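**Q** with the sequence up front, the predicted model follows.
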Amino acid sequence: MALVLIPLLLALLLGPQLWVRRVLATYREPAERYARCGTGADFARYLLARHDLGTVTVETTALGDHYDPGARSVRLLPLHHDGRSLAAVTIAAHEVGHAIQHAEGSVLFAWRQRLASLAMGAERASALLLLVAPVLVLVTRTPQVGLLCVILAVTAALLGTLVHLLTLPVEWDASFARALPLLERGGHLYPNDLPHARRILRAAALTYVASSAASLLNVWRWLAILRR
């Protein structure tokens with residue numbers, strides 16, 4: 001039974017993240033396909049200016065593509081910030097979609113920010129609890145304390161994944177109600193690229209959920225270690 005359940009669990013936890021990575025990697029080539037739009041950063045600035053959002057900055061980051069409402073900044077990975085691929089311009093449009101949500105005072109976007117903070121807190125709490133569990137067991141000589149920490153850590157990790165699932169409507173709106181029309185109406189895409197852009201936008205919408213699901217694997221690893 002374990003031989004069946006373990007691969008299935010791995011597929012459920014890692015599958016979405018691997019799919020997202022594969023999609024984005026696929027459409028980073030050819031690297032200069034959208035040289036006419038400039039880099040992903042150039043394209044983001046162009047779209048922002050078209051919506052009178054010239055005060056929103058565009059920056060590079062190593063922390064994943066995202067829009068920071070506090071700093072009012074679209075942040076892109078170097079491959080997307082400096083790239084000229086279909087992936088670069090499409091991801092740039094997705095993040096600009098979030099900037100537009102913010103500017104329009106979207107209620108869903110405001111709730112997403114609150115939920116995102118909750119998810120980050122839950123994931124950090126999960127990691128911390130797993131780290132301190134063995135120490136508390138050694139100090140208190142009470143296995144029940146360690147077990148309680150593990151239960152709380154698993155609960156926190158599951159909560160983080162659940163919260164990211166609840167933010168999906170906001171991500172979907174940024175991809176298909178905001179970014180896709182920007183790409184279509186402006187005639188920025190080559191006709192044959194539209195289905196591929198949809199696939200990239202779907203991956204962009206699922207990025208947080210995929211990463212959160214994969215983080216549950218760390219909980220599983222800790223549980224395996226603690227059982228030893």
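**A** That came through fine.
**Q** do a quick rundown of the helices in this protein.
**A** For the chain, the helices defined by DSSP state H occupy 2-26, 40-50, 78-81, 86-103, 107-140, 143-166, 168-172, 180-185, 194-227.
**Q** with mean neighbour count, distance to residue 68 and mean pLDDT as extra columns, can I get those in a markdown table?
**A** From N, CA and C alone the C-beta is placed, and that goes for glycine too. Below are the helices of the chain laid out as a markdown table (neighbours: other CB atoms under 10 Å; distance: least, CB to CB, whole Å; pLDDT from 0 to 100):
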| stretch | mean neighbour count | distance to residue 68 | mean pLDDT |
| --- | --- | --- | --- |
| helix 2-26 | 14 | 20 | 72 |
| helix 40-50 | 22 | 13 | 97 |
| helix 78-81 | 20 | 14 | 97 |
| helix 86-103 | 27 | 9 | 97 |
| helix 107-140 | 16 | 10 | 75 |
| helix 143-166 | 18 | 17 | 73 |
| helix 168-172 | 18 | 15 | 89 |
| helix 180-185 | 16 | 20 | 92 |
| helix 194-227 | 18 | 14 | 75 |
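**Q** could I get these as TSV with distance to residue 34?
**A** Converted to TSV, these look like this (distance: least, CB to CB, whole Å):
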stretch	distance to residue 34
helix 2-26	15
helix 40-50	8
helix 78-81	11
helix 86-103	5
helix 107-140	27
helix 143-166	29
helix 168-172	23
helix 180-185	10
helix 194-227	11
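**Q** what's the closest of the ones you listed to residue 61?
**A** When the helices of the chain are compared by CB to CB, helix 78-81 sits nearest residue 61, at 8.0 Å.
**Q** which residues touch that closest one?
**A** Outside helix 78-81, the residues within contact range by CB atoms under 8 Å, 6 or more residues apart in numbering are 28, 39-41, 58-62, 65, 87-88, 91-92.
**Q** so which of those residues comes closest to residue 73?
**A** Distances from residue 73 to the contacts of helix 78-81, taken by CB to CB, are shortest for residue 59, at 5.4 Å.
**Q** what is the nearest of the contacts of helix 78-81 to residue 47?
**A** residue 92 (7.3 Å).
**Q** so who does the closest one touch?
**A** By CB under 8 Å, 6+ apart, residue 92 lies in contact with 40, 41, 43, 44, 47, 74, 76, 80.
**Q** now, the most widely separated pair of those residues?
**A** Using CB to CB, the contacts of residue 92 reach their maximum pairwise distance at 47 and 80, which is 13.7 Å.
**Q** how far away is residue 159 from residue 151?
**A** 13 Å (CB to CB, to the nearest Å).
**Q** and the contacts of residue 92, which is closest to residue 107?
**A** Set against residue 107, the nearest of the contacts of residue 92 by CB to CB is residue 74 (21.2 Å).
**Q** now do the same contact list for that closest one.
**A** The contact partners of residue 74, by CB under 8 Å, 6+ apart, come to 44, 48, 56, 57, 58, 59, 67, 92, 95, 96, 98, 99.
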